[in-house]
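S.K.: turn this into a model:
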Amino acid sequence: MKNKKRHYKIIKNKYDKKKISLDEKKLVGFSVKPRNNVYYSGVEVNRMMLVNRSFIQTVLKKKIKRKLDLYLQYIVNIMDDSEDDSGTTIRFALNDLEKYRSVIKNNYKKYLDKKYVEQLLKKIGLIEHELKVKEYYINQYSMSLQEEHGKSR
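M.R.: Numbering: from 1, shown residues only. Reported below is the predicted structural model:
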């Protein structure tokens with residue numbers, strides 16, 4: 001059996017700009033809003049419902065990988081940045097990471113494999129641990145500066 005790739009193309013000769021809506025309560029899938037703002041003279045898509053489970057997993061895994069790469073790059077920038085003595089950027093990153101963890105648990109978990117979700121949560125836990133270690137060292141450094149400043153009186 002040959003592995004044929006299928007391509008689909010929607011062609012409409014007469015476009016009368018009618019709004020097409022489907023009963024979303026009957027459809028079970030993952031809803032996606034396209035973000036590209038490229039001009040296209042064809043059908044305008046405001047929202048798309050992905051129904052195929054394997055396609056949903058592929059799309060979500062790519063989306064999650066992009067987001068984790070952004071977090072890792074952000075952490076590398078924070079670790080290299082020695083100017084932030086208050087730790088506010090680390091606190092913001094920790095809050096954002098916690099929010100992302102809840103999105104994965106609440107929204108993506110039902111579409112992804114249990115093993116993949118566990119691995120993903122472990123990766124997020126490692127990132128969170130690194131941020132907390134950095135925050136701890138910043139707090140210790142600021143406390144030692146306060147003690148030295150207090151002794152000089």
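
S.K.: OK, contacts around the residue nearest the centre of the chain?
M.R.: Centre of the chain computed as the mean C-alpha position; nearest residue by Cα atoms, centre = their mean is Lys67, 4.0 Å away. By Cβ atoms under 8 Å, 6 or more residues apart in numbering, Lys67 lies in contact with Tyr100. Where you see a C-beta, it was placed from the backbone N, CA and C, and this is true even at glycine.

S.K.: that one: which element?
M.R.: Lys67 belongs to helix 53-80 when assigned by DSSP states H and E.

S.K.: now that helix: buried residues?
M.R.: Buried residues in helix 53-80, defined by neighbour count with 16 or more other Cβ atoms under 10 Å: Ile56, Gln57, Leu60, Lys61, Ile64, Tyr71, Tyr74, Ile75, Ile78.

S.K.: in a markdown table: those, plus pLDDT.
M.R.: Putting those into a markdown table (pLDDT from 0 to 100) gives the following:
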| residue | pLDDT |
| --- | --- |
| Ile56 | 90 |
| Gln57 | 91 |
| Leu60 | 90 |
| Lys61 | 91 |
| Ile64 | 90 |
| Tyr71 | 82 |
| Tyr74 | 82 |
| Ile75 | 78 |
| Ile78 | 76 |
